[in-house]
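S.K.: Starting from these lines, generate the structure:
(4 chains)
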Number of protein chains: 2
Amino acid sequence: MSERVVPEPQRRRRRPTKQGVVLSRELIIDTALRLVGQHGAEALTVRRLGTALGADPSAVYRYFHSTDDLLLAIADELIGRAQAGWRPTGDWRADLRSIGLRIHTAYLAHPQAALLAAHRTTGRSHEAAAVETILGVLRTAGFPDPEAVAIYHAFVDQSLGFAALDAAALALPAAAATADLQVWQASYARLDAATHPHIAATAHLLSTDMRRSGYPYALDLLLDAAAARLAGGLRGGGRPAGGRGRAAPGARPVADG
Amino acid sequence: MSERVVPEPQRRRRRPTKQGVVLSRELIIDTALRLVGQHGAEALTVRRLGTALGADPSAVYRYFHSTDDLLLAIADELIGRAQAGWRPTGDWRADLRSIGLRIHTAYLAHPQAALLAAHRTTGRSHEAAAVETILGVLRTAGFPDPEAVAIYHAFVDQSLGFAALDAAALALPAAAATADLQVWQASYARLDAATHPHIAATAHLLSTDMRRSGYPYALDLLLDAAAARLAGGLRGGGRPAGGRGRAAPGARPVADG
DNA sequence: GTCCTGCGTCAACACCGCTGACATAACCTG
DNA sequence: CAGGTTATGTCAGCGGTGTTGACGCAGGAC
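M.R.: Numbering: from 1, shown residues only, chains lettered A, B, ... in the order given. Below you'll find the model as predicted:
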């Protein structure tokens, strides 16, 4: 059986659909993002995508092996948009901070798609470029390779984890979203100080703080800790604050440099 | 129309199914968790749950309004299990660390459920208890209220974000999961050193490091930074390091010296 | 102009969440 | 113990899902 999906560069015949649309991977990805942005995550089905494209739903399978394949392409597109136009300043801390915030906002611009794509490893070009950039910032800053990889891992997964979490909040139906916020302003604000003294004492702070994303603060904490390790740990002896827990496998303080 | 779901305490008639099983909310939740644990992520459907229970699938709707309702109940159950038997040691850092790891592992024990439940605010008893505990650890450690709330927020969302991310990886169909791992061992290992020098230099480290969760390391970074702020930042009394969070984009936290 | 075949279309399969109608067993009343 | 209520398990079915194989048309090569 001949392969159903033909690689993009080898495509020759572009036959318009009944409704006159000429399909392409790019058009399908853009349409999928638009669909998700307008009608929510549950709108991303092959059948709806087909009608939105003006084509039979199964035509999508001429361009992607499965919905999962399509999802990976969408994920890579989001990564690409996050990095578009970014330039390093030379200050590793500022660079990482801006990259993190860019990833976060790019995913939040398409919450429903982010929900589905944030946890995938695509291995495609845009992702590879992002990995290369972040690793480059860390290694150029002076982190030895094992530490650079560990921090890269924590940095990326934290960014994507928060993106997924915050995207989920944004993707909720309006009614459910306000209901979730109400929990902090109503339920927790009314808890008995005898049984929940700490919540009672900070209820007003909680209700305002939980409104916004915790990511920028968490990002600053991560960069703080990384900076401290760079400043203190790479000299001679032990890594500050210990490589505790399931420390990185090859995490010895290699003084390379 | 009479309500389909009767609140648990008011249930009187417990009629066994054809196969002799007596249903209850608790039994359904346990069965759902067991189902996910034994037969993988995609096993959690109402129909399979029905057959696993030894009942008609639609009987589930006598106990939960929807699968979403069931999921929220599962979420609170997971939070409860994460905290079961936990006792504070008095060392705030060790306490937060163990709480974080407990949350992470409790969610990862049931990936499919975690994936859908990690971003919900239930406001139910187990969740309230967890919030109270974490806030208590921070405030007792000496963090002033605004800082305690901010760190609580970062800590919880980091834990849940990583839990969701890692759960999603575990919940993937086997094919997609191995494909994602292969990316690090194959695609990235073969990138040209001329175009991706930093990846090429660390490919071996990446392929082993990305195999496991980045959470423990990220958690340590967060705790490092929190400890540094507690040690250095609280001298002056008020709100150290300024009102961060979604603060203005250059609002770098004051790194202690 | 003819041929080949890429690709859009159609129909169908197996599964999903969920609902209304119905039978019956378990409880309450007496 | 008898009878009435009704909660609850069962059933059939609706409208949706991803995916596939067969089919036939038309775009491009020659």
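S.K.: just the helices in chain A please.
M.R.: A:25-39, A:46-53, A:67-83, A:92-108, A:111-117, A:125-141, A:145-171, A:174-182, A:197-209, A:215-232 (DSSP state H).
S.K.: quick one: is the first one near DNA strand C?
M.R.: So the one you mean is helix A:25-39. No - shown here: helix A:25-39 not in contact with DNA strand C (Cβ under 7 Å from any atom of the strand), separated by at least 9.6 Å. In this view, the C-beta of every residue, glycine as well, is placed from N, C-alpha and C.
S.K.: Could you do the third one as well?
M.R.: No - when contact is scored as Cβ under 7 Å from any atom of the strand, no part of helix A:67-83 falls within range of DNA strand C; the minimum is 13.4 Å.
S.K.: so how far is that helix off the chain centroid?
M.R.: 10 Å (Cα atoms, centre = their mean, to the nearest Å).
S.K.: Ok, the second one next?
M.R.: Mean-position distance between helix A:46-53 and its chain equals 25 Å (Cα atoms, centre = their mean).
S.K.: Between helix A:67-83 and that helix, find me the angle.
M.R.: Using axes from the mean of the first three to the mean of the last three Cα atoms, to 10 degrees, the direction of helix A:46-53 lies 60 degrees away from that of helix A:67-83.
S.K.: Which residue is it, in the stretch 151-257 of chain A, that comes closest to DNA strand D?
M.R.: As assessed by Cβ to the nearest atom of the strand, DNA strand D sits closest to A:Ala171 within the stretch 151-257 of chain A, at 16.7 Å.
S.K.: was I right about that residue contacting A:Pro111?
M.R.: Yes - with contact defined as Cβ atoms under 8 Å, A:Ala171 and A:Pro111 form a contacting pair (4.3 Å).
S.K.: what do the two both touch?
M.R.: Common neighbours of A:Ala171 and A:Pro111, counting by Cβ atoms under 8 Å, 6 or more residues apart in numbering or on different chains, are A:Ala41.
S.K.: What is the burial count for the nearest residue to A:Ala41 once chain neighbours are set aside?
M.R.: Distance criterion Cβ to Cβ, 6 or more residues apart in numbering or on different chains; nearest residue to A:Ala41, sequence neighbours excluded, is A:Gln112 at 3.3 Å. By other Cβ atoms under 10 Å in any protein chain shown, the residues close to A:Gln112 number 22.
S.K.: What residues does A:Gln112 make contact with?
M.R.: Counting by Cβ under 8 Å, 6+ apart, the residues that A:Gln112 touches are A:36-37, A:40-41, A:43-44, A:167, A:171.
S.K.: which of those residues lies closest to A:Ala82?
M.R.: Nearest to A:Ala82 among the contacts of A:Gln112 is A:Ala167, at 13.2 Å by Cβ to Cβ.
S.K.: mind checking pLDDT for that closest one?
M.R.: On the pLDDT scale, A:Ala167 is placed at 85.
S.K.: Is it correct that it is in contact with A:Leu115?
M.R.: Yes - counting by Cβ under 8 Å, A:Leu115 is a contact partner of A:Ala167 at 5.1 Å.
S.K.: and of the contacts of A:Gln112, the nearest to A:Arg93?
M.R.: The closest of the contacts of A:Gln112, once distances to A:Arg93 are taken by Cβ to Cβ, is A:Ala167, at 25.7 Å.
S.K.: Okay, the closest one and A:Val36: tell me how far apart.
M.R.: A:Ala167 is 11 Å from A:Val36, where distance means Cβ to Cβ, to the nearest Å.
S.K.: so how far is chain B from the residue of chain A most remote from its centre?
M.R.: Most distant residue from the mean C-alpha position of chain A: A:Ala194, 40.5 Å away (Cα atoms, centre = their mean). The gap separating A:Ala194 from chain B is 12 Å, by Cβ to the nearest Cβ, to the nearest Å.
S.K.: Pretty sure A:His119 sits against A:Leu160.
M.R.: Yes - counting by Cβ under 8 Å, A:Leu160 is a contact partner of A:His119 at 6.8 Å.
S.K.: Could you list the low-confidence segments of the stretch 1-150 of chain A?
M.R.: Per-residue confidence for the stretch 1-150 of chain A (pLDDT under 70) gives these ranges: A:1-3, A:11-13.
S.K.: Poorly predicted segments of the stretch 151-257 of chain A, please.
M.R.: Looking at the stretch 151-257 of chain A by pLDDT under 70, you get A:172-177, A:179, A:233-257.
S.K.: thinking A:Glu147 is in contact with A:Arg229, fair?
M.R.: Yes - in this structure, A:Glu147 is within contact of A:Arg229 by Cβ under 8 Å, at 6.8 Å.
S.K.: can I get the helices of chain A in TSV with distance to A:Arg190?
M.R.: As requested, the helices of chain A are exported to TSV (distance: least, Cβ to Cβ, whole Å):
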stretch	distance to A:Arg190
helix A:25-39	36
helix A:46-53	42
helix A:67-83	40
helix A:92-108	31
helix A:111-117	30
helix A:125-141	44
helix A:145-171	22
helix A:174-182	11
helix A:197-209	8
helix A:215-232	27
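S.K.: what's the neighbour count on A:Ala169?
M.R.: Around A:Ala169 there are 18 residues (other Cβ under 10 Å).
S.K.: how much space between it and chain B?
M.R.: Note on A:Ala169: its distance to chain B, by Cβ to the nearest Cβ, is 7 Å.
S.K.: repeat for A:Leu115
M.R.: From A:Leu115 to chain B the distance is 9 Å (Cβ to the nearest Cβ).
S.K.: That residue contacts A:Leu44, correct?
M.R.: No - counting by Cβ under 8 Å, A:Leu115 stays clear of A:Leu44, with 10.0 Å between them.
S.K.: ok now do the residue nearest in space to the middle of chain A, which residues does it touch?
M.R.: In chain A, the residue lying closest to the centroid (Cα atoms, centre = their mean) is A:Leu160, at 3.3 Å. Listed by Cβ under 8 Å, 6+ apart, the contact partners of A:Leu160 are A:103, A:107, A:118-119, B:161, B:165.
S.K.: if you set the cut-off to 10 Å instead, what comes out?
M.R.: A:75, A:79, A:103-104, A:107, A:114, A:117-120, A:167, B:161-162, B:164-165, B:168 (Cβ atoms under 10 Å, 6 or more residues apart in numbering or on different chains).
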